[in-house]
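**Q** mind looking at a prediction? Sequence and model below.
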Amino acid sequence: MSFAYAFGSYIGEVYRRNHGGEWGIVDLEGQKYPGIKSKSGTNFWPWGRALNRIIQGPENNVADYYKMLLEKQKP
């Protein structure tokens with residue numbers, strides 16, 4: 001889990017620095033997680049995605065995840 005925290009934090013911080021947003025507690029499907037709220041209002045939990053990638057494998061590709069987050073911020 002510690003690697004998932006580090007990997008997810010890196011993904012989240014790269015997103016935040018390049019596209020804006022704020023770390024905090026986010027609500028995802030009624031559950032609270034430490035994550036990021038983007039400038040467009042999208043909440044995401046990069047630690048969870050990193051953990052899924054580690055446990056479940058390549059179908060949880062983080063590059064695809066990042067691209068999806070960028071698509072969500074388009075007007």
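**A** In hand now; what should we look at?
**Q** gap between residue 23 and residue 5?
**A** In this structure, residue 23 lies at 13 Å from residue 5, with C-beta to C-beta, to the nearest Å as the measure. Yep, even glycine has a C-beta here, placed from its N, CA and C like the rest.
**Q** list phi and psi for residue 60.
**A** Dihedral angles of residue 60 (phi, psi; degrees, to the nearest 10) stand at phi -110, psi 40.
**Q** against residue 48, how distant is it?
**A** Here the distance between residue 60 and residue 48 works out to 10 Å (C-beta to C-beta).
**Q** repeat for residue 6
**A** Relative to residue 48, residue 6 is positioned 14 Å away (C-beta to C-beta).
**Q** more neighbours, the two?
**A** Relative neighbour count places residue 48 above the other of residue 6 and residue 48, with 17 against 12, counting by other C-beta atoms under 10 Å.
**Q** and the strand or helix carrying the more buried one, what's buried?
**A** Assigned by DSSP states H and E, residue 48 belongs to helix 46-56. Within helix 46-56, the residues that qualify as buried are 46, 47, 48, 49, 50, 51, 52, 53, counting by 16 or more other C-beta atoms under 10 Å.
**Q** again with stretch 10-30
**A** Buried residues in stretch 10-30, counted by 16+ other C-beta under 10 Å: 11, 12, 15, 16, 21, 26.
**Q** my read is that the third one contacts residue 37, right?
**A** No. With contact defined as C-beta atoms under 8 Å, residue 15 does not reach residue 37; the gap is 11.2 Å.
**Q** now the common contact residues for these two.
**A** Between them, residue 15 and residue 37 share the neighbouring residues residue 21, with contact defined by C-beta atoms under 8 Å, 6 or more residues apart in numbering.
**Q** what's the closest of the buried residues of stretch 10-30 to residue 69?
**A** Comparing the buried residues of stretch 10-30 against residue 69 with C-beta to C-beta places residue 15 closest, at 6.2 Å.
**Q** separation between that closest one and residue 67?
**A** With distances defined as C-beta to C-beta, the gap from residue 15 to residue 67 amounts to 11 Å.
**Q** try residue 25
**A** Between residue 25 and residue 67 the computed distance is 25 Å (C-beta to C-beta).
**Q** who's in contact with the helix holding residue 48?
**A** Outside helix 46-56, the residues that touch it by C-beta under 8 Å, 6+ apart are 1, 3-5, 7-9, 11-12, 15, 33-36, 60-62, 65.
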